[in-house]
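Q: Structural data only, the sequence is not supplied:
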């Protein structure tokens, strides 16, 4: 197609969380411009938080996202407890992990079955796919529902939960309630095993790319709530050093800030977590990986769907472990003594690293806050992947084919634009 | 005997809470012999909640071009047919959930969707309260004689 010039626009990217667009300029058979534009208006949450009391922050940040509210609550609570120098009790540590297991399951099951599977199986939507693959969709709904159950157990409701507070939780779940959820999880475990093997059998391109994986790493745990920020290129820093290494910058075509590590794009999310932490998975997960001939680390971005499935299976095993050892407590929360200071929180949201920084004043109120969500960290990586993937796909395809392929590449990152607005209309110019 | 449920769905905030209000009013009616449930934005999981019932009355807020408080009633899922190109799971609403249920052949044998018109940028609490009371009366009647309805 040498000599052909084209300008292709995808005005709204379908099946992603939020609204964005892609503008592609093709000149003499090469991409001359590629812009992933997030055009949702900034939501100004960081400003809304100023002047708020500690527990108001925990309830407010849950409203940032209907899919991953737990992540926002957990990063905020960690930062505030850092400022107030509060220890985390072993009970609270385990319950926060259980809470997070619920959110990973809910978010991943939704993405795999509702958003990604129609791409791999070539359907326009989950509604169309459901006619031919009802059992797959029902499995997704069931696993999603189990995640919601856990979120409700600790958060009192699954959408914008209200059970978490600085120091722990407002109430401990009754043993009978935990036992009821535990029984459901044990019964449904084979579904998660099937899911891992099914995701590995999906038709996907065998293309690899050079990219840097970044995530949390904990010495003994597959990372959720705690750890140092590490990469597969030698980065190993405390979460308080985030700003020294991971730099946010504005691009004129997007309301979301982009993030770079030493001037280069990087990947956060389930694939990055598995690439760097697969050795921390329990034997049951390694057994299923072996059975499915699945290996990590991998540089094939499409393996993200397998990574999400593996994390669902892991989250179920972890949730079962925690619930089997559950002990009721009358002190689910450590009392806080607000004080002035600066604190940092960083946890692994379903979509990747979620970093918070808060400054509290002498009155124990928020003086300033900063939130760096995973999608803005992945934004530069998505652009780089699109560039690479579209060239490999071939630019002489029709606009519709380019649009489908671009959307599939983007959806593979499970971007949450609403969180990061701070997704796709595709505009292609060929010249 | 048919298992009947009245299920309200919607956010507990602003006027979207009218489904919750309808369920609360029905709970004060001892003569209502149906399971009364309310879910805050259940998404596709609504299909699981409906699975055990033969007859389901769904209550939700609706925004169309009608005056605030207008009562809507639908028993034909095809009315909700959309483009089937979903923007996100954030926008996977009641209509998409019901269409998915239709694809999965997982809808109750008899399903009625009751809507109360609300507006995005203004409210009329008095009118909405009257509409909730009126809808409760209609649902009570329909539950009493489900065989006549369909």
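A: It's in. Since the model is a prediction, treat every value here as computed from it, not as a measurement.
Q: alpha carbons only for contacts and neighbour counts from here, please
A: OK.
Q: can you give me phi and psi for residue B:120?
A: Per-residue torsions, residue B:120: phi -70, psi -40 (degrees, to the nearest 10).
Q: Where is the longest helix in the chain?
A: Chain wasn't specified; assuming chain A. Counting by DSSP state H, the longest helix found in chain A is helix A:175-201.
Q: my bad, the chain I had in mind was chain B
A: Secondary structure of chain B per DSSP H: the longest helix is helix B:125-144.
Q: Mind giving me the packing neighbours of whichever helix or strand comes after the longest helix of chain A?
A: Using DSSP states H and E, the next helix or strand after helix A:175-201 towards the C-terminus is strand A:214-217. Judged by 3 or more Cα pairs under 8 Å, 6 or more residues apart in numbering or on different chains; DSSP states H and E, the packing partners of strand A:214-217 are strand A:228-231, helix A:270-277, strand A:341-349, strand A:352-360.
Q: List just the one of the ones you listed that sits closest to residue A:175.
A: Ranking the helices and strands packed on strand A:214-217 by proximity to residue A:175 (Cα to Cα) places strand A:341-349 first, at 27.3 Å.
Q: Partner strands of the closest one, with direction?
A: Strand A:341-349 has the following strand partners under DSSP bridges: strand A:352-360 (antiparallel).
Q: ok, and what's touching the strand it pairs with?
A: Residues outside strand A:352-360 that contact it (Cα atoms under 8 Å, 6 or more residues apart in numbering or on different chains): A:71-72, A:75-76, A:79-80, A:83, A:214-216, A:239, A:268-270, A:273, A:339-348, A:366-375.
Q: What mean pLDDT does it get?
A: Regarding strand A:352-360, the rounded mean pLDDT is 97.
Q: One more: stretch A:298-316?
A: The average pLDDT for stretch A:298-316 rounds to 97.
Q: nearest residue to the spatially most central residue of chain A other than its sequence neighbours?
A: Using Cα atoms, centre = their mean, the residue of chain A that lies closest to the mean C-alpha position is residue A:351, 1.1 Å off. Leaving aside its chain neighbours, residue A:351 sits nearest to residue A:269 (4.6 Å; criterion: Cα to Cα, 6 or more residues apart in numbering or on different chains).
Q: Can you report phi and psi for the residue nearest to residue A:69 when sequence neighbours are not counted?
A: Leaving aside its sequence neighbours, residue A:69 sits nearest to residue A:62 (Cα to Cα, 6+ apart; 4.3 Å). Note on residue A:62: its backbone torsions stand at phi -60, psi -20 [degrees, to the nearest 10].
Q: Verify the contact between residue A:150 and residue A:95 for me.
A: No. Look at residue A:150 against residue A:95 with Cα atoms under 8 Å: they stay out of range, at 10.1 Å.
Q: These two: which is more packed in?
A: For residue A:150 versus residue A:95, neighbours defined as other Cα atoms under 10 Å in any protein chain shown are more numerous around residue A:150 (26 against 23).
Q: which other helices and strands contact whatever helix or strand the more buried one lives in?
A: According to DSSP H and E, residue A:150 maps onto helix A:134-155. Packing contacts for helix A:134-155, counted by 3+ Cα pairs under 8 Å, 6+ apart, involve helix A:90-110, helix A:126-132, helix A:175-201.
Q: Go again with 7 Å.
A: Judged by 3 or more Cα pairs under 7 Å, 6 or more residues apart in numbering or on different chains; DSSP states H and E, helix A:134-155 is in contact with helix A:90-110.
Q: Output the below-cut-off pLDDT ranges for the chain.
A: If you meant another chain, say so; for now it's chain A. Applying pLDDT under 70 to chain A flags the ranges A:1-4, A:8, A:10-19, A:40-41, A:417-428, A:430-431.
Q: try again with chain B
A: Using pLDDT under 70, the flagged stretches of chain B are B:82-91, B:145-150.
Q: can you pull out the strands in it?
A: Secondary structure of chain B, counting by DSSP state E: strands at B:4-9, B:35-39, B:55-62, B:71-74, B:110-117.
Q: any chance of these in TSV, plus mean neighbour count and distance to residue A:301?
A: Formatted as TSV, the strands of chain B follow (neighbours: other Cα atoms under 10 Å in any protein chain shown; distance: least, Cα to Cα, whole Å):
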stretch	mean neighbour count	distance to residue A:301
strand B:4-9	24	37
strand B:35-39	17	37
strand B:55-62	23	40
strand B:71-74	16	44
strand B:110-117	22	42
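Q: And those strands: which comes nearest residue A:24?
A: Smallest distance to residue A:24 across those (Cα to Cα): 37.9 Å, for strand B:55-62.
Q: Report the angle between the closest one and helix B:125-144.
A: With axes from the mean of the first three to the mean of the last three Cα atoms, to 10 degrees applied, the angle from strand B:55-62 to helix B:125-144 works out at 170 degrees.
Q: I would like the residues contacting strand B:55-62, please.
A: With contacts defined as Cα atoms under 7 Å, 6 or more residues apart in numbering or on different chains, strand B:55-62 is touched by B:2-10, B:16, B:18-19, B:108-118.
Q: Likewise for stretch A:241-251?
A: Stretch A:241-251 has contacts (Cα under 7 Å, 6+ apart) with A:257, A:258, A:259, A:260, A:261, A:262.
Q: what about that stretch, how long is it end to end?
A: End-to-end distance for stretch A:241-251: 24 Å, by Cα to Cα, to the nearest Å.
Q: Any buried residues in it, and which?
A: Neighbour-count burial for stretch A:241-251 flags A:242, A:246, A:247, A:248 (criterion: 16 or more other Cα atoms under 10 Å in any protein chain shown).
Q: could you dump the helices and strands packed on strand A:214-217 to TSV with mean neighbour count and distance to residue A:31?
A: As requested, the helices and strands packed on strand A:214-217 are exported to TSV (neighbours: other Cα under 10 Å; distance: least, Cα to Cα, whole Å):
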stretch	mean neighbour count	distance to residue A:31
strand A:228-231	21	29
helix A:270-277	26	27
strand A:341-349	25	33
strand A:352-360	25	29
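Q: my read: residue B:101 touches residue B:46, true?
A: No. Contact criterion Cα atoms under 7 Å: residue B:101 and residue B:46 do not qualify, at 9.3 Å.
Q: more crowded one of those two?
A: A side-by-side neighbour count of residue B:101 and residue B:46, using other Cα under 10 Å, places residue B:101 first with 24 against 19.
Q: coming back round to it: pairing partners for the helix or strand that the helix holding residue A:150 is followed by, with directions?
A: Sequence-wise, the next helix or strand downstream of helix A:134-155 (DSSP H and E) is strand A:164-165. Here strand A:164-165 is paired, per DSSP bridges, with strand A:168-169 (antiparallel).
Q: what distance separates the strand it pairs with from the middle of the whole chain?
A: With Cα atoms, centre = their mean, to the nearest Å as the basis, strand A:168-169 stands 23 Å off its chain's centre.
Q: The nearest residue to residue A:111 once chain neighbours are set aside: what secondary structure?
A: Leaving out its chain neighbours, the residue that sits closest to residue A:111 by Cα to Cα, 6+ apart is residue A:414, at 6.8 Å. At residue A:414, secondary structure determined by DSSP: H, G, I helix; E, B strand; the rest coil is coil.
Q: any idea how far residue A:271 is from residue A:414?
A: Using Cα to Cα, residue A:414 is found at 11 Å from residue A:271.
Q: same question, residue B:2
A: Per Cα to Cα, residue B:2 is found 48 Å from residue A:271.
Q: Now find how far off-centre the longest helix of chain B is within its chain.
A: Its chain's C-alpha centre and that of helix B:125-144 lie 12 Å apart, by Cα atoms, centre = their mean.
Q: tilt between that helix and strand B:4-9?
A: If you take the same axes, to 10 degrees, helix B:125-144 sits at 160 degrees to strand B:4-9.
Q: Using JSON lines, please lay out the buried residues of stretch A:241-251 together with distance to residue B:60.
A: As requested, the buried residues of stretch A:241-251 are exported to JSON lines (distance: Cα to Cα, whole Å):
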{"residue": "A:242", "distance to residue B:60": "45"}
{"residue": "A:246", "distance to residue B:60": "45"}
{"residue": "A:247", "distance to residue B:60": "45"}
{"residue": "A:248", "distance to residue B:60": "42"}
